[in-house]
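Asks: Fold the following for me, if possible:
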Amino acid sequence: MIEQHEAEAGRARLASALIANGSLAPNWLTAYHAVPRHWFVPALVWPGQADGVRQGEA
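Replies: Presented below is the predicted three-dimensional model:
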């Protein structure tokens, strides 16, 4: 299980990388930090599938 401080550090590193590559404008940081990441992670992921959320042929 990831500790809370590790999760926060990971989100901070991701935000920095997104800003550095131009994917996130700095003025969006407040919103980025306010929205929980787990809202966007499916309960089950099928690696290797085009959309990653179902099993079987793509």
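Asks: Glu8: neighbouring residues, count only.
Replies: Counted with other CB atoms under 10 Å, the neighbours of Glu8 add up to 12. Every residue, glycine included, has its C-beta placed from N, CA and C.
Asks: Distance check, it against Trp39.
Replies: In this structure, Glu8 lies at 16 Å from Trp39, with CB to CB, to the nearest Å as the measure.
Asks: Run through the protein and note the low-pLDDT ranges.
Replies: For the chain, the stretches flagged by pLDDT under 70 are 1-2, 46, 48-58.
Asks: Please report phi then psi for Gly22.
Replies: Note on Gly22: its backbone torsions stand at phi 90, psi 10 [degrees, to the nearest 10].
Asks: who touches the closest residue in space to Arg37 that isn't next to it in sequence in this structure?
Replies: Distance criterion CB to CB, 6 or more residues apart in numbering; nearest residue to Arg37, sequence neighbours excluded, is Arg11 at 6.7 Å. Applying CB atoms under 8 Å, 6 or more residues apart in numbering to Arg11 gives the contacts 32-33, 37.
Asks: Enumerate the positions of the helix or strand harbouring Arg11 that are buried.
Replies: Under DSSP states H and E, the secondary-structure element containing Arg11 is helix 4-20. For helix 4-20, a neighbour-count test (16 or more other CB atoms under 10 Å) marks 15, 18 as buried.
Asks: helices or strands up against the host helix or strand of Ala31?
Replies: Counting by DSSP H and E, the element that carries Ala31 is helix 29-34. For helix 29-34, the helices and strands in contact under the criterion 3 or more CB pairs under 8 Å, 6 or more residues apart in numbering; DSSP states H and E are helix 4-20.
Asks: Just the buried ones from the contacts of Arg11, in ChimeraX syntax?
Replies: The buried subset of the contacts of Arg11, as determined by 16+ other CB under 10 Å, is captured in ChimeraX by this line:
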select :32
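Asks: okay, which residue is most central for this structure?
Replies: The residue lying closest to the centre of the chain (CA atoms, centre = their mean) is Arg37, at 5.7 Å.
Asks: now it: how far from Gly22?
Replies: Relative to Gly22, Arg37 is positioned 20 Å away (criterion: CB to CB).
Asks: Now Pro36. Its backbone dihedrals?
Replies: Recorded main-chain torsions at Pro36 are phi -60, psi 130, according to degrees, to the nearest 10.
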